[in-house]
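Trainee: Need a 3D model of the sequence below.
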Amino acid sequence: MTLTAYLNPVTWWRNRSPQETSYANNDISTTVSFESVPTVHLVIYRVGYLLIGNIFYPAFFHASQLADWLRRAYPLNNLQVWYRDYFHYIFPLGGVPTCGSVNSTLWSKKVWDILWNWGTIPIGTHYYGMVSDAGDFRDSQFHLFRADGHRHLGLGL
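Mentor: Numbering: from 1, shown residues only. A predicted model of the protein is given here:
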């Protein structure tokens, strides 16, 4: 692709202004090329959990919005997305999963896909875990705190 810029051109609505003694250096051109971007592969897990007798999952709409945003925000040639769910149960009463526990689970799911899915999910695929904040978030010591909006736990492998 060739890009050309003109400084002080003559237009249909005005003459050159300001007047110059020479207009020889008022344009420049350059040729640019773009590399082909490989397809980005992504597995989005909606992580469910049990808290005080209620089961919470992020809405599927939020997972699809994430993929839509990635397509618009980054110069991707193609984004291939697989949507999955998993229930993260903490024995015996349930609770909110920690970042470390979600990341460990995502890592094990990635290894499982590499070993047993026979090429369905490519090796360089990224895994992302999305956890709903519809229930109250608690950290590993179970101190209660609230989050505004949606909190997401992710692992970029």
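Trainee: Pick out the residue nearest the middle of this protein.
Mentor: Centroid-nearest residue in the chain, with Cα atoms, centre = their mean: Leu70, separated by 4.6 Å.
Trainee: Distance check, it against Thr98.
Mentor: Going from Leu70 to Thr98 by Cβ to Cβ, to the nearest Å gives 25 Å. C-beta here means a position set from N, CA and C on the backbone, and glycine is covered the same way.
Trainee: Ok, Thr125 next?
Mentor: According to Cβ to Cβ, Thr125 stands 23 Å off from Thr98.
Trainee: buried residues in stretch 109-120?
Mentor: Across stretch 109-120, burial judged by 16 or more other Cβ atoms under 10 Å covers Lys109, Lys110, Asp113.
Trainee: Backbone torsions only: list them for Val37.
Mentor: phi -100, psi 130 (degrees, to the nearest 10).
Trainee: thinking it is in contact with Pro75, fair?
Mentor: Yes: applying Cβ atoms under 8 Å as the test, Val37 and Pro75 come out as touching, 6.5 Å apart.
Trainee: Compare neighbour counts for the two and give me the winner.
Mentor: Between Val37 and Pro75, Val37 has the larger neighbour count (other Cβ atoms under 10 Å), namely 11 against 6.
Trainee: how far is the lengthiest strand in the chain from where the chain is centred?
Mentor: As assigned by DSSP state E, the longest strand anywhere in the chain is strand 40-51. From the chain centre to the centre of strand 40-51 is a distance of 13 Å (Cα atoms, centre = their mean, to the nearest Å).
Trainee: Pairing partners for it, with directions?
Mentor: Sheet pairing of strand 40-51 (DSSP bridges) gives strand 54-56 (antiparallel), strand 79-87 (parallel), strand 126-131 (parallel).
Trainee: Report the rounded mean pLDDT for that strand.
Mentor: For strand 40-51, mean pLDDT is 93.
Trainee: Begin at 2, not 1, for the rest of this chat.
Mentor: OK, 2 is where the count begins now, so the last one is strand 41-52.
Trainee: With just CA atoms, put it into CSV.
Mentor: The C-alpha atoms that make up strand 41-52 are tabulated as CSV, following Å, rounded to 0.1, in the frame of the first residue of the first chain:
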residue,chain,number,x,y,z
VAL,A,41,-5.6,-16.2,18.0
HIS,A,42,-7.2,-19.2,19.8
LEU,A,43,-9.0,-18.6,23.1
VAL,A,44,-10.9,-20.9,25.5
ILE,A,45,-13.2,-18.9,27.8
TYR,A,46,-14.4,-20.7,30.9
ARG,A,47,-17.4,-19.4,32.8
VAL,A,48,-16.4,-20.5,36.3
GLY,A,49,-19.3,-21.3,38.6
TYR,A,50,-19.2,-21.6,42.4
LEU,A,51,-21.5,-22.3,45.3
LEU,A,52,-21.9,-19.6,48.0
